[in-house]
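> what shape does this take:
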Amino acid sequence: MTRPSGASRGSRRSRAAAMLAAGAFAAAAFAAAAFAAGACASCARRSADAGTGEDDSLVVFSSHPADLARPVVAEFRDRTGIAVRVVHGGTSELLLRLRAAAEAAHEAAQGAAPLPAPLAAAVEAGRCDLMWGGGAETLTANADLFEPYVSVEDASIPEAYKAPDRAWTGFTVLPMVIGYNTRLLDRDAVPRTWEELLEPRFAGAIAYADPAVSASSYTILRTFGYAVTGAGGARDHAEAEALFVRALGGKLLGQSADVFPSVASGEYLVGLFHDEAALQLISAGSDLGIVYPADGTSAVPDGVALARGARKPAEAKAFIDFVLGRDVGLVMATRFLRRSARGDCPPPEGQPPVSSLALVPYDIAESAAAKRATLVRFASYRSSSP
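Numbering: from 1, shown residues only. The predicted structure follows:
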């Protein structure tokens, strides 16, 4: 990819600065105004504005929880005056809509006749200016849907958390953990590695969401494969996946958001998801503990990406620059207990930096290329599992 010249980067910085200067203020003030409990009513009003479906709004597809997206979007609107409409959904669902729209638009370009109603509906349903959320390997696997963009915040984000061509840029980093019920498992019984999950005592007692629906669950499935292949006893990823399906006992949850609540309630002994989701429950006093697996975990970023053919590319780039900025990065850690992908933002208080964790050699490009085959194998193993 041809990088923009210093002059064009500078003009873009000037444009973004001009858009944000009127409302710019320190991160602490942002946190207090946008995220304090007293701001909830204001945020709710802003959310209603963001969801009106105005044709002139910037359209953001987001797999982030609404309570995370809402105040960030509201703050962006207040700083820039840009109207935003957020379309929430699972990563896979949103990408399917984007792809259907792209294919329908391509078909429309082949002829002069008006689009049939179903194709026109697909184009409208997939109208999107940017994707905010989704794991790096999932975004990589769908990189043809995105337009490379080098954010003005690019230098603050390590190379490991960005696509080489900047088709996506990391927003937050999500180490995967094993969560466990502190009432049901004594400390000595807590699994400390992925491999321990294969022990008979955990069969059918592992909360895990369908990897065909949840991008995070796909990351976990690949992480498990990297961890138990070789020293862990499995010959390759395929064998590791078969062992994992057997340990699940045929049980899958419909969405990742249900994983740790199901563990905290005692429905499952352990659960697999990223640490931020667990930390939220732990801070609320739930019966949940977490382990960063000693045989290695992954710390794959979720990302933000400019949609190819965006109708409002300038506004979309301004939004991308905003969410990748330090103000939002600090608030992710202090309010939402998420690690920013930025190198200058500390981890949430009391949590280890990623550099201190044992990590598997997770290959984003390899996992992206293997996604279809991996999910087909997983479904096959499930259908033949007793």
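> nearest residue to residue 243 in space, please, no chain neighbours.
residue 198 (5.6 Å; CB to CB, 6 or more residues apart in numbering). (Glycine included, C-beta is placed from N, CA and C.)
> could you list the domains of the protein?
With domains defined by automatic domain parsing, the chain comprises 6-173+301-340, 174-299+353-381.
> which of these has the lowest mean pLDDT?
Looking over the domains of the chain, mean pLDDT reaches its minimum on domain 6-173+301-340, with a mean of 78.
> burial count for the residue nearest to residue 243?
Neighbours of residue 198 under the rule other CB atoms under 10 Å: 21.
> separation between it and residue 178?
13 Å (CB to CB, to the nearest Å).
> please apply the same query to residue 147.
Distance, residue 147 to residue 178, by CB to CB: 38 Å.
> before we move on, what about residue 85?
According to CB to CB, residue 85 and residue 178 sit 37 Å apart.
> who has more neighbours out of these two?
Set side by side, residue 85 and residue 178 show more neighbours around residue 178, with 26 against 20, by other CB under 10 Å.
> got the contact list for the nearest residue to the more buried one once chain neighbours are set aside?
Distances taken as CB to CB, 6+ apart place residue 291 nearest to residue 178, at 4.6 Å, with adjacent residues excluded. Contacts for residue 291 were tallied using CB atoms under 8 Å, 6 or more residues apart in numbering; they are 177-180, 190-192.
> next, residue 291: phi, psi?
Residue 291 adopts backbone torsions of phi -130, psi 130, taken as degrees, to the nearest 10.
> can you check residue 176 too?
Torsion angles, degrees, to the nearest 10, at residue 176: phi -90, psi 140.
> shouldn't it be in contact with residue 273?
Yes - the pair residue 176 and residue 273 qualifies as a contact (CB atoms under 8 Å) at a distance of 7.2 Å.
> which residues are in contact with each of those two?
216, 220.
> more crowded one of these two?
residue 273 (28 against 24).
> ok so, going back, from residue 234, how far off is the residue nearest to residue 243?
From residue 198 to residue 234 the distance is 9 Å (CB to CB).
> and for these two, which residues touch both?
Joint contacts of residue 198 and residue 234 (CB under 8 Å, 6+ apart) are 228, 243.
> for the strand or helix carrying residue 306, which strands pair with it and how are they oriented?
Here residue 306, judged by DSSP states H and E, is contained in strand 299-307. Sheet pairing for strand 299-307, assigned by DSSP bridges, gives strand 130-135 (antiparallel), strand 146-147 (antiparallel), strand 169-181 (antiparallel).
> residues near the residue nearest to residue 282 when sequence neighbours are not counted, how many?
For residue 282, ignoring the flanking residues on the chain, the nearest one in space by CB to CB, 6+ apart is residue 288 at 5.4 Å. Residues near residue 288, counting by other CB under 10 Å, number 23.
> so residue 288 sits right up against residue 182, yeah?
Yes - under the criterion of CB under 8 Å, residue 288 is in contact with residue 182, at a separation of 6.6 Å.
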